[in-house]
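*Asks:* below: sequence and its predicted model.
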Amino acid sequence: MKKICITILTLLLFSSTAFADTNIWLNSNHKNITPNAVIKNNQIWLANNRTQTPNFIILHHMDQTKITQALTNNHAIIVIKNNKIWINEISDQPPFAILKNNHQIWLQDNHSTVANAIIKSNGTLWLSSNTSSIADAYIGGNNQRQDGFIIAALILSQQLG
């Protein structure tokens, strides 16, 4: 019994992705076992992050005090509410992107008839510029629609990729 407890504790200590809410693999990952990003507890951790601070903090309402404080401390902020997303913004100005029909991601300045990205029901994320048969990202976890929306916005804003 003691060996089992030690094994479990060891796994917990050395596996930052073991209990992630969502794991994200980008197409560029070349099928590496380690995801490019992990979303856990409203925080995004990139694989190359070796600090105690997440790369992005996710908020679900526009709290200007929290956002200003986080930006002052050099934390990147994502606000997601009502199927809209803002990245490092402190006001309710037009969002960076909008999620429509539960799977289409539209940048605010997109006036065409084609969405900038889509999230398929199998967890794959496809940018409209993708002409290959390989998805741009795979979103694992139970909240693929919201997390895919966040990851698409980060890719489209060139903050992840």
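*Replies:* Perfect, I can see it now.
*Asks:* name all residues that make contact with residue 93.
*Replies:* Applying C-beta atoms under 8 Å, 6 or more residues apart in numbering to residue 93 gives the contacts residue 86. For the C-beta atoms, the positions are set from N, CA and C on the backbone; glycine is no exception.
*Asks:* what's the answer for residue 26, then?
*Replies:* For residue 26, the contacting residues are 36, 136-137, 155, 160-161, taking C-beta under 8 Å, 6+ apart as the criterion.
*Asks:* same question for residue 142.
*Replies:* Taking C-beta under 8 Å, 6+ apart as the contact definition, residue 142 lies against 21-22.
*Asks:* shaky segments in this protein?
*Replies:* By pLDDT under 70, the low-scoring segments of the chain are 1-20, 30-31, 161.
*Asks:* compare the contacts of residue 26 and tell me which is most surrounded.
*Replies:* For the contacts of residue 26, the largest neighbour count, defined by other C-beta atoms under 10 Å, is 27 neighbours, found at residue 137.
*Asks:* what segments of the protein are helices?
*Replies:* Under the criterion DSSP state H, the chain contains helices at 2-14, 64-72, 144-156.
*Asks:* just the contacts of residue 26 now: which is nearest residue 63?
*Replies:* Of all the contacts of residue 26, residue 63 sits closest to residue 160, with 23.4 Å by C-beta to C-beta.
*Asks:* so the closest one makes contact with residue 29?
*Replies:* No. With contact defined as C-beta atoms under 8 Å, residue 160 and residue 29 do not form a contacting pair (11.8 Å).
*Asks:* in the chain, which spans are strands?
*Replies:* With DSSP state E, the ranges of strands along the chain come out as 22-26, 37-40, 43-46, 56-59, 76-81, 84-87, 97-100, 104-107, 117-119, 124-127, 137-141.
*Asks:* now render these as JSON lines, adding distance to residue 69.
*Replies:* As requested, the strands of the chain are arranged in JSON lines below (distance: least, C-beta to C-beta, whole Å):
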{"stretch": "strand 22-26", "distance to residue 69": "25"}
{"stretch": "strand 37-40", "distance to residue 69": "21"}
{"stretch": "strand 43-46", "distance to residue 69": "15"}
{"stretch": "strand 56-59", "distance to residue 69": "10"}
{"stretch": "strand 76-81", "distance to residue 69": "10"}
{"stretch": "strand 84-87", "distance to residue 69": "16"}
{"stretch": "strand 97-100", "distance to residue 69": "24"}
{"stretch": "strand 104-107", "distance to residue 69": "28"}
{"stretch": "strand 117-119", "distance to residue 69": "31"}
{"stretch": "strand 124-127", "distance to residue 69": "31"}
{"stretch": "strand 137-141", "distance to residue 69": "28"}
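*Asks:* cheers, nothing more for now.
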